[in-house]
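Student: mind looking at a prediction? Sequence and model below.
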Amino acid sequence: MKYYLYNPFANNGIRPDISAELMDASKIDFQDFFAKLDPEDEVVLIGGDGTVNHLINTVDCEKITNRIYLYGSGTGNDFLRDIGEEAGREVLLNRYLTNLPTVYVNGMVRKFINNMGFGIDGYCCETADQIKAKTPDKKINYTAIAVKGLLFHFKPCHAWIEVDGRTYEYDNVWLAPAMKGRFYGGGMMIAPDQDRLSDHLTVVVYTTPSKLKALMRFPSIFEGKHTAYKDMVRIITGNQIRVRFSRPCAAQIDGDTVLNVKEYRAELPLPAHTE
């Protein structure tokens, strides 16, 4: 049997045009649901990055043998964009649900499918949450939030970044995400060389004391061209990552806001060594 689990909170609540009978994923205990599946059953998740994040943090995907698909129906769809697929069609997920990174932040332990973001990206998610709380029907313009943050509201931090035991220190850091895939923020190619099936994560450090320079070069992130600015972009890869800021900031995990974060650790399972 094929089950269709629909996330009613994805894509601003717009229901996809699918003829199959849909089950409300928000009312389902994922652990119990997957435990009761027959071996030949298949599951289609209808939603976006947040829907996949909910799956990987409620079910031990390493043990799932059923075929799981994603029918993209989100606002960002960065996961699908990263693997070269489009929303509105069923895409087999299983190969992407293993060897996922774990993040430790503010006493929480979470896995992520795309990224752990820290800096102005977290500020944008925090501000968007505040807007949604006041005006739930208002469409969120993340680009406008980022521009205002760069110019007026977000203050860059001093950062200490440890990757596989080696420590780097930077001043005037605007963001420092740990990336499993290339994209975040609804189409920003922040880590253009990252391969989500590789054995490492990519930390991208965006640093400059100039607000004007930070703003002027920010659009280049959407095409992954920001890495050409060696004076303000640092790329570091590794398995074990720790990022500390000089003051608490908002962070985000696959788009979910985490407030008052001063540091996080992101770890990818070390690759197996063969004799």
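Tutor: Right, received. Where do you want to start?

Student: partners of Arg265 in the sheet?
Tutor: Residues in a beta bridge with Arg265, per DSSP bridges, are Tyr104, Arg242.

Student: how near is it to Asn172?
Tutor: In this view, Arg265 and Asn172 are 23 Å apart by Cβ to Cβ, to the nearest Å. The C-beta positions use only the backbone N, C-alpha and C, and glycine is treated the same way.

Student: what about Met116, neighbour count?
Tutor: Residues contacting Met116 under the criterion other Cβ atoms under 10 Å number 32.

Student: name the nearest residue to Thr167, sequence neighbours excluded.
Tutor: Trp160 (6.3 Å; Cβ to Cβ, 6 or more residues apart in numbering).

Student: kindly check the end-to-end length of stretch 103-121 for me.
Tutor: Chord length of stretch 103-121, first to last residue, is 17 Å (Cα to Cα, to the nearest Å).

Student: so where is this protein shaky, pLDDT-wise?
Tutor: In the prediction, the chain carries residues with pLDDT under 70 at positions 10-17, 19, 271-275.

Student: pull out the buried residues from stretch 80-93.
Tutor: The neighbour-count check on stretch 80-93 (16 or more other Cβ atoms under 10 Å) flags Leu80, Arg81, Asp82, Glu85, Ala87, Glu90, Val91, Leu93 as buried.

Student: what's in contact with it?
Tutor: Applying Cβ atoms under 8 Å, 6 or more residues apart in numbering, the external contacts of stretch 80-93 come out as 16, 44-45, 52, 67-74, 77, 96, 114, 181-183, 187, 196.

Student: swap in 7 Å and give it another go.
Tutor: Residues outside stretch 80-93 that contact it (Cβ atoms under 7 Å, 6 or more residues apart in numbering): 44, 67-73, 77, 96, 181-183, 187, 196.

Student: what's the answer for stretch 69-76, then?
Tutor: For stretch 69-76, contacts defined as Cβ under 7 Å, 6+ apart pick out 10-12, 16, 44-52, 80, 86-93, 186, 255.
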